[in-house]
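In: structure for the following, please:
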Amino acid sequence: MKFAKYSFLVAGIYGLIVLLPQYFLESKVGTDSPPAITHPEFFYGFVGVGIAFQIVFLIISTDPAKFRLMILPSIVEKFSFAIAATVLLLGGRLAVQMFAAAMIDVLLGVLFIVSWFKLAETDDAPTVSESVN
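Out: Numbers count the residues shown, from 1 in each chain. Prediction:
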């Protein structure tokens, strides 16, 4: 259970450190990776959803067995970015540095998968029927 707790705690803290500054970097992103952002609502929407999921990770870290079912969408969150980054890199549309950053999500996603299975082995992991009731 400690493995899962710390995996999600690290993921949540890391994600907040990476995402919160984005609220102040819209123009820098446009300068460093032209063209400029033409639809800021998508940029800020992405950042907001990303931050919301970091909070989910922090909540999961408080009681991974209780929130085990939330690990499934958390795995999707981690691998969706990594898969998109891989496709963009292969298409020549993503810098290698950004791809390397996306691979951190792969590592965290693998830790989430390991957590899912480790929690299934514990006696205190809720079953699907217990979670629905």
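In: okay, now the residue nearest to residue 33 when sequence neighbours are not counted: neighbour count?
Out: Leaving aside its sequence neighbours, residue 33 sits nearest to residue 95 (C-beta to C-beta, 6 or more residues apart in numbering; 7.4 Å). Yep, even glycine has a C-beta here, placed from its N, CA and C like the rest. Applying other C-beta atoms under 10 Å, we find 12 other residues in the vicinity of residue 95.
In: any idea how far the helix or strand hosting residue 17 is from the chain center?
Out: Assigned by DSSP states H and E, residue 17 belongs to helix 2-19. Per C-alpha atoms, centre = their mean, to the nearest Å, the displacement of helix 2-19 from the mean C-alpha position of its chain is 9 Å.
In: top helix in this structure by residue count?
Out: helix 96-121 (DSSP state H).
In: and that one, which residues are buried?
Out: 102, 104-106, 108-109, 111-113, 115-116, 118-119 (16 or more other C-beta atoms under 10 Å).
In: not including adjacent chain positions, what is the nearest residue to the spatially most central residue of the chain?
Out: Central residue of the chain (C-alpha atoms, centre = their mean): residue 78, 4.3 Å from the mean position. Once flanking residues are discounted, residue 78 sits nearest to residue 109: 3.3 Å by C-beta to C-beta, 6+ apart.
In: picking that back up, who are the packing partners of the longest helix of the chain?
Out: helix 2-19, helix 71-90 (3 or more C-beta pairs under 8 Å, 6 or more residues apart in numbering; DSSP states H and E).
In: and those: which comes nearest residue 50?
Out: Nearest to residue 50 among the helices and strands packed on helix 96-121 is helix 2-19 (4.8 Å), distances taken as C-beta to C-beta.
In: that closest one versus helix 71-90: what angle between them?
Out: 50 degrees (axes from the mean of the first three to the mean of the last three C-alpha atoms, to 10 degrees).
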